[in-house]
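Colleague: When you get a sec, could you give me coordinates for this:
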Amino acid sequence: MGRSKTPKVSQNPFKGARKTPHAVLAADVVRVPKAATPVPSDENQRKVRFLFDLVDHDGDWSLLDISKEDHSRLLDVMAQVEQMTAGELFKPGQRLCKTYSDMAACPNSKATDRLVNRYEGLDHMVRLEIDGVKRLYGVRAGHEFHIIWWDPKHEVWPSKLHNT
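Modeller: Below is the predicted model of the structure:
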């Protein structure tokens, strides 16, 4: 009997992977994951995961500008959130996390201009309330929260003032 002519499939998950890092490919414009609506139910059962692949280092709300105290608090909240499923965190009406499905309605033109110029006209975001007015903005892709901005003064999408 002869040997089978069927090629052996590699078990190495990195074989054939992209050789050029994403940072080299994306000079000024960042490719953003598209929002999948509705999100498959199996994604809602998975634990939330934070990714730093879309962080805006040069904008007004750079994560690089975070204070030591805020950084500590942010990491505590992120650790708590990672214990939640995506269905729990992104549930409509939940105070901790809010989804903005139409960024064109954002009252801050600097934020929308940055999204147009840097993130291919990104039209949706999610925000995580950290402490008081402090917010973490990003994009949801299934169970993943791709971090974009750190907003310590609630400037990206400020709340409307009541009784004024």
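
Colleague: where does the protein dip in pLDDT?
Modeller: Along the chain, segments meeting pLDDT under 70 span 1-30, 33-41, 161-164.

Colleague: center of it, which residue is that?
Modeller: Closest to where the C-alpha atoms of the chain average out (CA atoms, centre = their mean) is His146, at 2.2 Å.

Colleague: That residue falls within a helix, correct?
Modeller: No. Counting by DSSP: H, G, I helix; E, B strand; the rest coil, His146 is not part of a helix but strand.

Colleague: Can you tell me who it pairs with across the strands?
Modeller: Leu51, Val139 (DSSP bridges).

Colleague: In three-state terms, how would Val77 be classified?
Modeller: Under the three-state scheme (three-state DSSP), Val77 adopts helix.

Colleague: Please name the residues that touch it.
Modeller: Leu128, Ile130, Asp131 (CB atoms under 8 Å, 6 or more residues apart in numbering). Bear in mind the C-beta positions are built from the backbone N, C-alpha and C, glycine included.

Colleague: ok, now how distant is the last one from Cys106?
Modeller: Taken as CB to CB, to the nearest Å, the spacing of Asp131 relative to Cys106 amounts to 22 Å.

Colleague: Looking at these two, which one has more neighbours?
Modeller: Cys106 (17 against 13; other CB atoms under 10 Å).

Colleague: and that one, what is it in contact with?
Modeller: So Cys106 contacts Tyr100, Thr112, Val156, Trp157 (CB under 8 Å, 6+ apart).

Colleague: Verify the assumption that Leu74 is located in a helix.
Modeller: Yes. Counting by three-state DSSP, Leu74 falls inside a helix.

Colleague: so it sits right up against Glu129, yeah?
Modeller: No. In this structure, Leu74 is not within contact of Glu129 by CB atoms under 8 Å, at 11.3 Å.

Colleague: between those two, which one's more packed in?
Modeller: It is Leu74, of Leu74 and Glu129, that has more neighbours when counted by other CB under 10 Å, with 21 against 16.

Colleague: Now do the same contact list for the more buried one.
Modeller: Going by CB under 8 Å, 6+ apart, Leu74 touches Ile66, Ile130, Lys134, Leu136, Trp150.
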